[in-house]
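*Asks:* I would like the atomic coordinates for the input below:
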Amino acid sequence: MSYDLDHIETLIARDIDKSLSPEEKKTLQSWLDEDSANREYYDALKSTWSLTATADADFVPATEKNWEVFRQHITATGKRSFLHTYRNALRVAATVILLCGAATAWFVFFRQPEVAVYTQSREKRTVTLPDGSKVFLNQQSSLRYAAGFSGRERAVHLEGEAFFEVTHQTDKPFVVYTQHTQTQVLGTSFDVKSYNPAEVEVAVVTGKVAFSDRKKAQRLVLSSGNRGVLQSASTLKQLPIEDPNFMAWKENRLSFQDTRISDVINSLEAYFDVQIVLKDQEAGRLRYNGTFDPEQLNSLDSVLEVICPTVNLRWSREGQDGKYVLVPAQ
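*Replies:* Below is the predicted model of the structure:
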């Protein structure tokens, strides 16, 4: 499930202030259960805020005011990097809290800011990571990572789909986390698809990757030309890459070689993010040959104008959602 970070931060602030409604508590709990990083962020904020109690028993945090200060001072979400709990550190923390509020204390003591990148429908973005690696983010996806890549690994969190070109670093592996899987590499190029958290697919273009579930109960080593699939959030399977268009969203190119029309439709739906209904199921067994380059893929209308006449079909758009309907030509 995708969450609005601003809304989640508001819920955390209201939880600290004990003013959450039952429905808001349910939403916050769902977000906490989704990723261990979410829980770390939540616990760190509550820990920072709770220091006020040791500083002054009569002090009551001004939740809304402090939260606004927090939002003004920090430009990216902070990740937890907890301090040694020495007595002097606590005294300093309490002093900062009293002077500036708990939110500013978070900014002072907790480093590791997090960068979050999002894409909408029909939007794609290219992201250069701190180590020089490149991420090509597909539509309706999100990517989160620590701004400095400090620590023992270069960790990113993905929802949706992205293609990674990873810079080689022998001493620091690159790890892509989804809700139920992790993919670890040193330097390679591969695609990760996780629109449905329970159905994750990793396809390797160059090099090798280690693909496993988050508990590391199952593990696959995938080489170039192979893909790993997580099914029903439980079973890992290795398969060859057979779809020539698995990278069409990045390359902006579709190629069909003796391809069934039903499979052509599936590829077009995925590329253009639309619904296409084929009324004649027999037509789905017909075969099509053709290649569409970037300049030909500006609109689905123009693509259908090329495909439909070759298999005796015609197309139209119906309904408020504008879905495409293919029927036999008269």
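*Asks:* quick one: contacts for residue 166?
*Replies:* The contact partners of residue 166, taken as CB atoms under 8 Å, 6 or more residues apart in numbering, are 133, 174, 185-189. (Glycine included, C-beta is placed from N, CA and C.)
*Asks:* Actually, residue 124.
*Replies:* Applying CB under 8 Å, 6+ apart, one finds that residue 124 lies in contact with 136-139, 249-250.
*Asks:* can you give me the helices in this protein?
*Replies:* According to DSSP state H, the chain carries its helices in the segments 5-16, 22-34, 36-55, 63-73, 87-100, 102-109, 248-251, 261-272, 300-310.
*Asks:* which residues sit against the last one?
*Replies:* Spelled out, that is helix 300-310. Under the contact criterion CB under 8 Å, 6+ apart, helix 300-310 has outside partners 254, 264, 268, 272, 274, 288, 290, 292, 296-297, 313-315, 324, 326, 329.
*Asks:* Filter these down to just the ones in strands.
*Replies:* Under the assignment DSSP state E, the contacts of helix 300-310 contribute 254, 288, 290, 292, 313-315, 324, 326 to strands.
*Asks:* what's the most distant pair in the contacts of helix 300-310?
*Replies:* Of all pairs drawn from those, the one with the largest separation by CB to CB is 297 and 329; the distance is 23.4 Å.
*Asks:* Those two: who's more crowded?
*Replies:* More neighbours sit around residue 297 than around the other of residue 297 and residue 329, counting by other CB atoms under 10 Å; the figures are 17 against 11.
*Asks:* My guess is that one contacts residue 254. True?
*Replies:* Yes: assessed by CB atoms under 8 Å, residue 297 is found in contact with residue 254 at 6.7 Å.
*Asks:* Mutual contacts of these two, please.
*Replies:* Common neighbours of residue 297 and residue 254 (criterion: CB under 8 Å, 6+ apart): 271, 303.
*Asks:* For the lengthiest strand in the chain, list the C-alpha coordinates in PDB.
*Replies:* Once the chain is assigned using DSSP E, the strand that runs over the most residues is strand 154-165. Once side chains and other backbone atoms are set aside, the C-alpha atoms of strand 154-165 remain, and they are given as PDB (Å, rounded to 0.1, in the frame of the first residue of the first chain):
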ATOM      1  CA  ARG A 154      23.900   0.900   0.100                       C
ATOM      2  CA  ALA A 155      20.200   0.300   0.900                       C
ATOM      3  CA  VAL A 156      17.200   1.500  -1.100                       C
ATOM      4  CA  HIS A 157      13.500   0.800  -0.600                       C
ATOM      5  CA  LEU A 158      11.300   0.300  -3.600                       C
ATOM      6  CA  GLU A 159       7.600   0.200  -4.300                       C
ATOM      7  CA  GLY A 160       6.700  -0.200  -7.900                       C
ATOM      8  CA  GLU A 161       9.300  -0.900 -10.600                       C
ATOM      9  CA  ALA A 162      12.800   0.400 -11.300                       C
ATOM     10  CA  PHE A 163      15.900  -0.600 -13.300                       C
ATOM     11  CA  PHE A 164      19.200  -0.300 -11.500                       C
ATOM     12  CA  GLU A 165      22.700   0.300 -12.900                       C
END
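*Asks:* which ones are touching residue 291?
*Replies:* With contacts defined as CB under 8 Å, 6+ apart, residue 291 is in contact with 253-256.
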